[in-house]
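S.K.: need a 3D model of the following:
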Amino acid sequence: MVQVRTYHALVNEMNKRVTIAVQNIANEMVNQLRYYLIDDFYNMYDPIKYNRTYQLQDAPTYEMLSANMAKIFIDTDSMSYRDATGDEVVNMASLGFHGNVNIFRPGFFWSDFVEWSNKNVPMLLRLELKKQGLNVK
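M.R.: Numbering: from 1, shown residues only. Just a heads-up that it's a prediction; the model follows:
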């Protein structure tokens, strides 16, 4: 158990633990986003006219915006396609399109991920903060 002797040391210790909790939850969210990409996108269609690069599957990531806030996103800058930008691929895929507007399968990874996040992240954050030794209700 960490002992702190000053208010400043207490704040620093709490901030350190919150940062660890937020990073752990961000990693869990990235993994969950990958799950929905696989389940709602990749498993919905086997391409006939193109070979998959799996760039979209590998692009979910997070960025710490501050010590207690993370942004979960798909890094479209890491994606390189011949006929489309990463943004275009993500937008089309999130609407259920595979490669072009003529190939549609009803899998909506982004809305499923947002729904999962809204339902689970508050509870997961409370549990993670408790693992870090912070008593939250």
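S.K.: tell me the first helix or strand C-terminal of the helix or strand of the chain with the lowest mean pLDDT.
M.R.: Least confident element among the helices and strands of the chain, by mean pLDDT, DSSP states H and E: strand 100-104 (a mean of 84). Note on strand 100-104: by DSSP states H and E, the next helix or strand toward the C-terminus is helix 109-131.
S.K.: other SSEs contacting the longest helix belonging to the chain?
M.R.: Longest helix of the chain, by residue count under DSSP state H: helix 7-40. In this structure, helix 7-40 packs against helix 55-58, strand 60-66, strand 69-74, helix 109-131, with contacts taken as 3 or more CB pairs under 8 Å, 6 or more residues apart in numbering; DSSP states H and E. All C-beta spots, glycine's among them, are computed from the backbone N, C-alpha and C.
S.K.: just to revisit the earlier point, neighbouring strands - and their directions - for the least confident helix or strand of the chain?
M.R.: Here strand 100-104 has these sheet partners by DSSP bridges: strand 97-98 (antiparallel).
S.K.: understood, closing this out.
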